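Chemist: how would this look folded up:
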Amino acid sequence: MNTHSFSVSIVIPNWNGKHLLEKNLPSIFAAAPRAEVILADDASQDGSVALVKEKYPGVVIVENKHRKGFAGNVNSGVARATGEIVVLLNTDVRPERGFLDPLLSRFSDDPMVAGVGCLEKSHDLHGVVLRGRGIARWEKGYFIHRRGDVDSNDTAWVSGGSGAFRLSVWKKLGGMDTLYNPFYWEDIDFSYQLLKSGYRIVFEKQSVVGHFHEEGKIKTSYSPEDIKRIAYRNQFIFLWKNISDPDIWVTHLLWTPIRLFQALFNKDWRMIEGYGMALVTLPAILLSRMRAAEHWCRKDAVLFTL
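Modeler: Predicted structure coming up:
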């Protein structure tokens, strides 16, 4: 299949990112001139929507009257998409020219590919790091993930800030889980749903974007303590929602008290608070688990080594 036979929608989730839109929207139009562009605005107060309406009247705008968080905002944008392939680009991401065709070729090569990740030239205070490919494993009942080298095509997840998804599969699985709001782990969770439901996700190093993390809204709007607390909470949400192999469950239940004791000993209060926050949402986690399990056809231990 010719890659150009795919119709493409680019969804840009935004929350008070006016200055980033001014910087990066021109690059998006230059890199994907034929794509539908959708701005999913999460109740911004900085004039983001007015800017886009004035300077880019062709952009489809989805305005949330109240904040939905990252997953909810992305879902609202994707709900308006008409393209067969949806590309998610954060406001602090700047795609390079030619980034789109390598992404699309992955979908045309294999109909079971449902997600493709980009190579991120990640800019921060320490310089530029190449990111975009993840590796993961099960260890003592926990899902351990980290950045992998960019020389392989397999990946543990596709980033929600610079990745592409097959819209038909997105709709089938229900999109990102809003349990993870306001941020973190939602893209890892959706990637895991794809894998566990029998689909493939891959990394494409020829699809290059710049990612300017120090300018993103999370680090400028939340304290380091809040970010860490939410990350811990969402790790537990991911585990309780997704583990289905009995051996991994038993290991998780055995090691969790030990990890909590270590956190107490090390005065890692954010982990203890995150665990408590996850416990409060346990009924919602179980409901989300039941819905997701309807599509599962692969075991946890098959997806990632123990």
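Chemist: Am I right that residue 143 is in contact with residue 136?
Modeler: Yes - when contacts are counted by Cβ atoms under 8 Å, residue 143 is listed as touching residue 136 (6.1 Å). For the C-beta atoms, the positions are set from N, CA and C on the backbone; glycine is no exception.
Chemist: Touching both of the two, which residues are there?
Modeler: residue 304 (Cβ atoms under 8 Å, 6 or more residues apart in numbering).
Chemist: Looking at the two, which one has more neighbours?
Modeler: Set residue 143 next to residue 136 and count neighbours by other Cβ atoms under 10 Å: residue 143 wins out with 22 against 19.
Chemist: Look up which residues are beta-bridged to that one.
Modeler: Here residue 143 sits in beta bridges with residue 138, going by DSSP bridges.
Chemist: any idea how far it is from residue 188?
Modeler: Applying Cβ to Cβ, to the nearest Å, the value for residue 143 to residue 188 is 8 Å.
Chemist: those helices in the stretch 151-300 of the chain, which residues are they?
Modeler: Assigned helices in the stretch 151-300 of the chain, in chain order: 167-173, 186-196, 217-221, 224-242, 246-265, 269-280, 282-293, 300-303 (criterion: DSSP state H, counting those that start in this stretch).
Chemist: from those, which stretch is densest packed?
Modeler: helix 186-196 (a mean of 24; mean count of other Cβ atoms under 10 Å).
Chemist: Contacts for that helix next, please.
Modeler: Against helix 186-196 from outside (Cβ under 8 Å, 6+ apart): 70-71, 74, 114-115, 134, 145, 155-161, 163, 169, 173, 175-177, 180, 200-201, 234, 238, 241-242, 292, 295-298, 300, 303.
Chemist: One more: stretch 218-227?
Modeler: Counting by Cβ under 8 Å, 6+ apart, 16, 183-184, 213, 230, 270 sit against stretch 218-227.
Chemist: So which of those residues sits lowest on pLDDT?
Modeler: Confidence by pLDDT is poorest for residue 213 among these, given 74.
Chemist: residues contacting the residue nearest to residue 300 when sequence neighbours are not counted?
Modeler: Setting aside the residues directly before and after it, residue 300 is nearest to residue 245 in space (Cβ to Cβ, 6 or more residues apart in numbering), at 4.4 Å. When contacts are counted by Cβ under 8 Å, 6+ apart, residue 245 touches 299-301.
Chemist: ok, of those, which one's closest to residue 119?
Modeler: Closest approach to residue 119 among the contacts of residue 245 (Cβ to Cβ): residue 300, at 27.7 Å.
Chemist: what about dumping the CA coordinates of stretch 237-247 to PDB?
Modeler: The C-alpha trace of stretch 237-247 is given here as PDB (Å, rounded to 0.1, in the frame of the first residue of the first chain):
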ATOM      1  CA  ILE A 237      -3.100   1.900  38.800                       C
ATOM      2  CA  PHE A 238      -1.300   0.400  35.800                       C
ATOM      3  CA  LEU A 239      -0.300  -2.700  37.800                       C
ATOM      4  CA  TRP A 240      -3.700  -3.300  39.300                       C
ATOM      5  CA  LYS A 241      -5.500  -2.700  36.100                       C
ATOM      6  CA  ASN A 242      -3.300  -4.900  33.900                       C
ATOM      7  CA  ILE A 243      -1.700  -7.800  35.700                       C
ATOM      8  CA  SER A 244      -3.500 -11.000  34.800                       C
ATOM      9  CA  ASP A 245      -0.800 -13.700  35.100                       C
ATOM     10  CA  PRO A 246      -1.200 -15.400  38.600                       C
ATOM     11  CA  ASP A 247       2.500 -15.700  39.100                       C
END
